[in-house]
Structure formats: C-alpha cells, structure tokens
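take a look and give me a structure for this.
(one chain, ligands or ions: 1)
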Amino acid sequence: QINIEFNEEAREVAAQKLKIGLYFASWWALNVVFNIYNKKVLNAFPFPWLTSTLCLATGSLIMLVCWATKITEAPKTDLNFWKALLPVAVAHTIGHVAATMSMSKVAVSFSHIIKSGEPAFSVLVSRFFLGQAFPLAVYLSLLPIIGGVALAAANELNFNLTGFIEGMIANLAFVFRNILSKRGMDSVGGVNYYACLSVMSLLILTPFAIAMEGPQIWAAGWDKAVSQIGPNFIWWVAAQTVFYHLYNQVSYMSLNETSPLTFSIGNVIMRRISVIVASILIFRTSVQPSNALGAAIAIFGTFLYSQVDFSIPVLAKK
Ligand code: 3PG
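Next up, the predicted model:
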C-alpha cells in the first residue's frame, strides 16, 4: 500500500517537473523568436512607437477572441480592479516602449545584457522607495551585476548612449510594474491579468504613438520596408507581435506553476543566455572577449542574487 502511494506521489512530482520544464522551454523558444523578429522589423522599419503598439494590439485581439469564444474564461472585474491596474499599465507601457526604443538602437545581445541588470533596480527601488532592507549578501550580489554590465557596456563595439539609457529606463519601469502587479494578480489569475494589462496599455500608448510618430511617416516607412524586404515583411510583423504576446503569456503561466525563485532563475539566467547566444549566432554580432566576460559576470551576479535567502527578516531602516 505504502509502496503504491509512494509511486503515485513520485509520478505526480515527475509530471509536475515535466510540465514546468515544457513551460520554460516554450517560454525561452518563443522569446528567442520574438527577439529575432523584433530586431529584423526594427532594422527595416525603425518606428518603435508603432511596433510596441502593434504588439499590445495583437495581444489584446488574441485575448478578446479567446474570451468571446470561451477558450479562456473572461475575468470578472470591477472599477476598483481597473483603477488598481492603471499605475501597473503606465509602468508596463513605459517599460515596453523604452525597451523597444533601446532595441532599435543596440544589438539584441547587448539589450539583454542591459536587462540582466534588472535585479539591481529591483533592490534599489525597494530600498529607497519602499524602505525595505535586504541581507548584506543581496547588496554584495549587486556588485558583479553592476560591474559586469558596466564592463560589457564599456567594450560594446556598437555602443549607443541613448539606447543604453532607454534600456535602463525599461529596467526601472519593469521593476515598478512587477512590484505593483503583485497586488492585483491573485483576483483574476496570471493569464487574464496580463491580458487586461495589454488592453489598458494599448489604450494608454495609442495616442502617444500617433503624436510621436504618426500615420504619415508610418505609411512612408512601411512602403520603404516592403520595397526592401518584399511582401514577406508583413509576416515578420505578424511574428513579432504574436510571439510577443505568446512569450509573455507563457511567462505568466510559468510564474503560476513555480516559486518566484525558480521563476527568476528561469527568467534572468536561462532566458537571457538563450537570447544572447541565439542572437549573436543569427545576427553574427561581433563580440569582444571583455564584452563576453562582462555579460558572464553580470549573469553570474544575478545567479548569486537569486540564491540569497529572502525569507530571513531584516529590519527596515527608514
Ligand atoms: C518589451 O518590449 O516589452 C521588452 O522587450 C520585454 O523585455 P523582457 O520581457 O525581455 O524583459
């Protein structure tokens, strides 16, 4: 009897591990495809305000169809839910546009090296805005993260200061989004929460995209891109926008199934490494040894950061 129960339990644990493994593998694969098409589109059609808007519009459309056809049950929300979502959507919109603007100016690999600095922003925001204190090990783990990103940046062959600053703005905005979104996610679940976030961000972003770029230059830019790439260009845009939604959705599904610790290792370490390596190979990006060393140190710092036991209470010194 005990043996049968033990086998049953072991099978369940193995099935859960397999499920998480499949979620993670699809998340990284979807993200690699998004990054490749995102860069290809931005190279041919350098209008990040429009492409960011199209990503959110495609995600919103996919979810509206899922809700209408009952593939996904629509969330039950009230005015308070949308009010609480507003600051999260503002942070998500700023982060998304800034990340896309940065990506239009720097190599995909360098953009992900900049993003591996996100834990440093997370600690600084929590410390200075929320008065939260951390174990000394957390502060120490920031040294390789910051030092590694700085080393990689100093040796980046195609360094672009504006792109670097936009990447940093995206890091900061995503930290605020993550801190704020923890509060509302439980009521509707990860997938629907991300869907509502896409819809609200789309509404916020659209007027700004029109003001910053506008239909006239989009039309001229589109014709130029189609004349250079051919009619296939529309498929690049379709891949960029659909994969943007899919990878984000699978990342929220993964978050639902794992602890934040496993999630952050899967996110920062494995996902960024997959994208950095894949994009260097596909775009044949020139990488100097010191550049690669900086990236490795920053990612190792993130690994150290994720190993710190956050459950040890530390008194806030406000
Ligand atoms: C975006 O456009 O929102 C960013 O590219 C997202 O970046 P990340 O999911 O790789 O952090």
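
enumerate every residue touching the residue nearest the centre of the chain.
Nearest residue to the geometric centre of the chain (Cα atoms, centre = their mean): residue 248, 7.1 Å. By Cβ atoms under 8 Å, 6 or more residues apart in numbering, the residues touching residue 248 are 59, 194. Yep, even glycine has a C-beta here, placed from its N, CA and C like the rest.

how about the contacts made by whichever residue of the stretch 151-300 of the chain sits closest to the ligand?
With Cβ to the nearest ligand atom, the shortest gap between the stretch 151-300 of the chain and the ligand falls at residue 174, namely 6.2 Å. In this structure, residue 174 makes contact with 91-92, 95, 99, 118, judged by Cβ under 8 Å, 6+ apart.

helix or strand for it, which one?
Residue 174 belongs to helix 161-181 when assigned by DSSP states H and E.

need the helices for the stretch 201-318 of the chain, in chain order.
215-229, 233-257, 260-264, 272-283, 289-307 (DSSP state H, counting those that start in this stretch).

for the ones you listed, which one sits closest to residue 36?
Of all the helices of the stretch 201-318 of the chain, it is helix 272-283 that lies closest to residue 36, at 5.8 Å by Cβ to Cβ.

just the C-alphas of that closest one, formatted as CSV.
Written as CSV, here are the backbone C-alpha positions of helix 272-283 (Å, rounded to 0.1, in the frame of the first residue of the first chain):
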residue,chain,number,x,y,z
ARG,A,272,18.7,35.9,-21.2
ILE,A,273,21.5,33.4,-22.0
SER,A,274,19.3,31.7,-24.7
VAL,A,275,18.5,35.0,-26.3
ILE,A,276,22.1,36.4,-26.1
VAL,A,277,23.6,33.2,-27.7
ALA,A,278,20.9,32.8,-30.3
SER,A,279,21.0,36.5,-31.4
ILE,A,280,24.9,36.5,-31.6
LEU,A,281,24.7,33.5,-33.9
ILE,A,282,21.8,34.7,-36.1
PHE,A,283,22.9,38.4,-36.4
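
next SSE downstream of the helix or strand encompassing residue 4?
Using DSSP H and E, residue 4 sits within helix 2-44. Sequence-wise, the next helix or strand downstream of helix 2-44 (DSSP H and E) is helix 48-68.

now do the buried residues in that following helix.
Across helix 48-68, burial judged by 16 or more other Cβ atoms under 10 Å covers 48-63, 66.

next to the ligand, which bits of the stretch 1-150 of the chain? Give me the list.
By Cβ under 6 Å from any ligand atom, the residues of the stretch 1-150 of the chain that approach the ligand are 96, 99-100, 115.

neighbour count, pLDDT and secondary structure added to the residues you listed, as TSV?
Output for those, formatted as TSV (neighbours: other Cβ atoms under 10 Å; pLDDT from 0 to 100; DSSP: H, G, I helix; E, B strand; the rest coil):
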residue	neighbour count	pLDDT	secondary structure
96	24	97	helix
99	23	96	helix
100	25	97	helix
115	23	89	helix
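
number of residues surrounding residue 9?
Number of residues near residue 9 (other Cβ atoms under 10 Å) recorded here: 10.

mind showing which ranges of the stretch 51-200 of the chain have poor pLDDT?
182-183, 185 (pLDDT under 70).

one step back: for the helices of the stretch 201-318 of the chain, which one sits closest to residue 191?
That would be helix 233-257 among these, by Cβ to Cβ, at 5.7 Å.

report the buried residues of the closest one.
233, 236-237, 239-255.

again, but for stretch 163-170
For stretch 163-170, a neighbour-count test (16+ other Cβ under 10 Å) marks 163-164, 166-170 as buried.

so what touches it?
94-96, 98-99, 101-106, 111, 114-115, 117, 121, 153.

among those, name the ones in helices.
94-96, 98-99, 101-105, 111, 114-115, 121, 153 (DSSP state H).

and which of those residues is nearest residue 12?
Among these, and counting by Cβ to Cβ, the member closest to residue 12 is residue 115, at 35.1 Å.
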